[in-house]
Every structure is written in structure tokens, then in C-alpha cells.
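> I'll drop the sequence and a predicted model, then ask my questions.
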Amino acid sequence: MLKDNALLKIKKSIEPFVGKKVKIKANRGRKKTYEKIGILEKVYPNIFVIRIEESPEFINRVSYSYSDVLTDSVELIFCAGNGKAVKIKH
């Protein structure tokens, strides 16, 4: 039950940033990390989707679960309207 509340809290903290620019840092295992800048496209009950434009003709979409944020496998940093960065924490 405690985990469900934490996941809901993470989802609620991400929802206001739909359509906003986000920097994502994801752990890919074996000391490999993935860092990209994209747009938070959609928020679903169990996952969220980020659109990453690799080039003008290639758009990549990646999805992560809220438990990825909870376990620190994924770190999200949003650009706030006042020019400050907002890091999503669990």
C-alpha cells in the first residue's frame, strides 16, 4: 500500500509537466547511462511517454514506469517557467 501511494505521488508530480521540456537520465545497466532532452508527451495510469527528436526526420518515443523513478533508474529534470529546473523526487 505504501508503494502505491508513492507511485501515485510521483504520477501527480509529473502530470503538470505534460507538453514541457524534460531532461532524462536513465540507467541502462553496467555503468551505462542514457541522457537526452525531450518533451513529456503523455501520462498514463502506469507509464509516461517522452518524445525525443533525434533529428528533424527521426522522432523517438520512450516510455518508463513510475516505479523506474521510485527506484532511481530514471531521473527527470523539468524546465520550470521561471527558468529554474525542477527535479522529480520520490
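All right, it came through fine.

> In the sheet, which residues pair with the spatially most central residue of the chain? Tell me.
For the chain, the residue nearest the mean C-alpha position is residue 76 (4.6 Å; Cα atoms, centre = their mean). Counting by DSSP bridges, residue 76 forms beta bridges with residue 24.

> Looks like it contacts residue 87 (just checking).
Yes: look at residue 76 against residue 87 with Cβ atoms under 8 Å: they come within range, at 7.2 Å. Where you see a C-beta, it was placed from the backbone N, CA and C, and this is true even at glycine.

> pLDDT value on the residue nearest to the centre of the chain, please?
Note on residue 76: pLDDT of 93.

> Residue 68 too?
92.

> same thing with residue 2?
56.

> rewinding a little: name all residues that make contact with the residue nearest to the centre of the chain.
Contact analysis of residue 76 by Cβ atoms under 8 Å, 6 or more residues apart in numbering lists 14, 22, 23, 24, 69, 87, 88.

> Going through the residues you listed, which ones are buried?
14, 22, 24, 69, 88 (16 or more other Cβ atoms under 10 Å).

> any idea how far the residue nearest to residue 45 when sequence neighbours are not counted is from residue 17?
Spatial nearest neighbour of residue 45, chain neighbours left out: residue 11 (7.8 Å); criterion: Cβ to Cβ, 6 or more residues apart in numbering. Distance, residue 11 to residue 17, by Cβ to Cβ, to the nearest Å: 11 Å.

> Include secondary structure when you put the contacts of residue 76 into CSV, please.
Formatted as CSV, the contacts of residue 76 follow (DSSP: H, G, I helix; E, B strand; the rest coil):
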residue, secondary structure
14, helix
22, strand
23, strand
24, strand
69, helix
87, strand
88, coil
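
> Report the distance from the top strand by length along the chain to the chain centre.
Ranked by residue count and defined by DSSP state E, the top strand of the chain is strand 32-43. Remark: strand 32-43 is offset 6 Å from the chain centroid, using Cα atoms, centre = their mean, to the nearest Å.
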